[in-house]
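Undergrad: fold the following, please.
(2 chains)
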Amino acid sequence: SQKIEQNSEALNIQEGKTATLTCNYTNYSPAYLQWYRQDPGRGPVFLLLIRENEKEKRKERLKVTFDTTLKQSLFHITASQPADSATYLCVLYNQGGKLIFGQGTELSVKP
Amino acid sequence: DTEVTQTPKHLVMGMTNKKSLKCEQHMGHRAMYWYKQKAKKPPELMFVYSYEKLSINESVPSRFSPECPNSSLLNLHLHALQPEDSALYLCASSQGDPGQGRKLFFGSGTQLSVL
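TA: Model (predicted):
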């Protein structure tokens, strides 16, 4: 069956460190993958998109990698800040025409 | 204007009530979506409208009835809901088909409680 799995446990890190979040998928061949941030009680906010022919994408302190052989994407936040604390969602595009959300990883950055 | 506006922000309704959720965007997006999200869970797709036509219905119970009066507006009509329908209802829009790599713009949601 098709699955998207993100770090199941909440991720707690110290301010200034790099946070690395994992998204693994099975039985998908996504043309692209997106990452969103969601704060409690708010809608998700788009962060980055990476296509299947791209290995890495960067935006300011954010970096996403996409390994279609491993069927994995890694999402990095460098020099993390308490304001980065949120839930981060990995999203795949299903050839059936839908975006499929992972269950999210809750990140907590402590000062 | 890069906002998706949802009203109301909070809604409490009884199981016999009829209410509507509203969503508006002025970005010229031609695809609009309704998602349902329970606490600590990812958003679940309910409906997709493309060019004002319903293109995806994820087997949602008929007590939820979507409507797209024009390209900027999306409504979700609620009738005879159950307590388990309590959730955050999110509206989203995209410039075109998600298959083209379009990102979703989400509203802040309506927190619905069914008593």
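Undergrad: so who does residue 110 touch?
TA: Defaulting to chain A. Listed by CB atoms under 8 Å, 6 or more residues apart in numbering or on different chains, the contact set of A:Lys110 reads A:Asn12, A:Ile13, A:Gln14, A:Glu15, A:Pro82. Every residue, glycine included, has its C-beta placed from N, CA and C.
Undergrad: look at chain B instead
TA: B:Thr110 neighbours (CB under 8 Å, 6+ apart): B:Gln6, B:Thr7, B:Pro8, B:Lys9, B:His10, B:Leu11, B:Leu21, B:Leu88, B:Tyr89.
Undergrad: okay, the nearest residue to the fifth one once chain neighbours are set aside: pLDDT?
TA: I take that to be B:His10. Among residues not flanking B:His10 along the chain, B:Gln111 sits closest, at 4.9 Å (CB to CB, 6 or more residues apart in numbering or on different chains). What the model reports as pLDDT for B:Gln111 is 97.
Undergrad: list the buried ones in whichever strand or helix holds B:Gln111?
TA: Secondary structure from DSSP states H and E places B:Gln111 in strand B:110-114. The neighbour-count check on strand B:110-114 (16 or more other CB atoms under 10 Å in any protein chain shown) flags B:Thr110, B:Gln111, B:Leu112, B:Val114 as buried.
Undergrad: who's in contact with the spatially closest residue to A:Thr18 that is not a sequence neighbour?
TA: Excluding its sequence neighbours, the residue lying closest to A:Thr18 (CB to CB, 6+ apart) is A:Thr78, at 4.9 Å. Contacts for A:Thr78 (CB under 8 Å, 6+ apart) come out as A:Thr18, A:Arg61, A:Leu62, A:Lys63.
Undergrad: strands along chain A, start to end?
TA: A:3-6, A:11-14, A:19-26, A:32-38, A:45-51, A:56-59, A:62-67, A:72-77, A:86-94, A:98-101, A:105-110 (DSSP state E).
Undergrad: what's in contact with the second one?
TA: The list of residues contacting strand A:11-14 from outside it, by CB under 8 Å, 6+ apart, reads A:Ala19, A:Leu21, A:Ser80, A:Thr105, A:Glu106, A:Leu107, A:Ser108, A:Val109, A:Lys110.
Undergrad: ok, the residue nearest to B:His10 - contacts?
TA: Applying CB under 8 Å, 6+ apart to B:Gln111 gives the contacts A:Gly41, B:Lys9, B:His10, B:Leu11, B:Leu88.
Undergrad: swap in B:Trp34?
TA: B:Cys23, B:Leu45, B:Met46, B:Phe47, B:Pro66, B:Leu74, B:Leu76, B:Tyr89, B:Leu90, B:Cys91.
Undergrad: from the centroid of chain B, which residue is nearest?
TA: B:Trp34 (2.8 Å; CA atoms, centre = their mean).
Undergrad: helix, strand, or coil at that one?
TA: strand (DSSP: H, G, I helix; E, B strand; the rest coil).
Undergrad: how close does it get to A:Arg37?
TA: Applying CB to CB, to the nearest Å, the value for B:Trp34 to A:Arg37 is 21 Å.
Undergrad: got it, and B:Ser65?
TA: To A:Arg37, B:Ser65 is 31 Å away according to CB to CB.
Undergrad: what's the local residue count around the closest residue in space to A:Leu33 that isn't next to it in sequence?
TA: Distance criterion CB to CB, 6+ apart; nearest residue to A:Leu33, sequence neighbours excluded, is A:Ser73 at 5.1 Å. Using other CB atoms under 10 Å in any protein chain shown, A:Ser73 is surrounded by 26 other residues.
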